[in-house]
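Participant: predicted model and sequence follow; I will ask about them next.
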Amino acid sequence: MQKKLGVDVTMDILKAAQSAYPSSKFIESLIFQYQERGGLSKKQLEGLYDKASKIESLPAGKLATLEAIILKKVTRYKSPPPSIIPEQVTKDASTGETIQSILEKYPQHKRVLFYKAKFDNNEEFSTIEKTELEKFKKLLL
């Protein structure tokens, strides 16, 4: 990515920080990323600002410009994780009675046994499942 020619305050500050802290891996990685991608994230710029503010030979105008660049960047917030509160499913008494009455007459009925397990686990029945259960009730009882 080709940057515009002219004044590059960020690169000037990076070079000043590199000369002030020659063994800093953080500054080296920022320079590499700035050259590779053409920019730094807001957090990286804030870290650079913290390092650069300790350099006394750096002009105040460049620090002010870096601070303005940081303020222009968008702050991204993570949304809070959704609360994990299971919804309480109210058991329908008539559904339980229907399942029980079918199983009394046909204890090995696999589909109704499935519905019984679902009912015992407080899982919600879809309208199709309720309709099928009523159909079994009409046919079998």
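Facilitator: Alright, I've got the coordinates.
Participant: got the domain ranges for the chain?
Facilitator: Following automatic domain parsing, the chain resolves into domains at 9-72, 93-140.
Participant: distance from the chain centre to the shortest one, please.
Facilitator: Read it as domain 93-140. The chain centroid and the centroid of domain 93-140 are separated by 39 Å, computed with C-alpha atoms, centre = their mean, to the nearest Å.
Participant: pLDDT below threshold where in this structure?
Facilitator: Within the chain, the segments meeting pLDDT under 70 span 1-5, 86-89.
Participant: if we go to 90?
Facilitator: Counting by pLDDT under 90, the chain contains low-confidence residues at 1-8, 38, 56-57, 74-97, 106, 120-126, 136-141.
Participant: just the helices in it please.
Facilitator: 9-20, 25-37, 42-52, 60-72, 93-105, 110-120, 127-140 (DSSP state H).
Participant: need the domains of the chain in TSV (columns: distance to Lys78).
Facilitator: (Glycine included, C-beta is placed from N, CA and C.) Supplementary listing: these in TSV, determined by distance: least, C-beta to C-beta, whole Å:
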stretch	distance to Lys78
domain 9-72	13
domain 93-140	31
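Participant: tell me how many other residues surround Asn121.
Facilitator: Neighbours of Asn121 under the rule other C-beta atoms under 10 Å: 8.
Participant: got it, and Val112?
Facilitator: 24.
Participant: now do the contacts for it.
Facilitator: By C-beta atoms under 8 Å, 6 or more residues apart in numbering, Val112 lies in contact with Ile99, Ile102, Leu103, Tyr106, Leu133, Phe136.
Participant: contacts only, for the residue nearest to it when sequence neighbours are not counted.
Facilitator: Of all residues not flanking Val112 in the chain, Ile102 sits nearest, at 4.9 Å (C-beta to C-beta, 6 or more residues apart in numbering). By C-beta under 8 Å, 6+ apart, the contact list for Ile102 reads His109, Val112, Phe136, Lys137, Leu140, Leu141.
Participant: any idea how far Lys42 is from Ile102?
Facilitator: Between Ile102 and Lys42 the distance is 63 Å, computed by C-beta to C-beta, to the nearest Å.
Participant: could you do Thr65 as well?
Facilitator: Counting by C-beta to C-beta, the gap from Thr65 to Lys42 is 15 Å.
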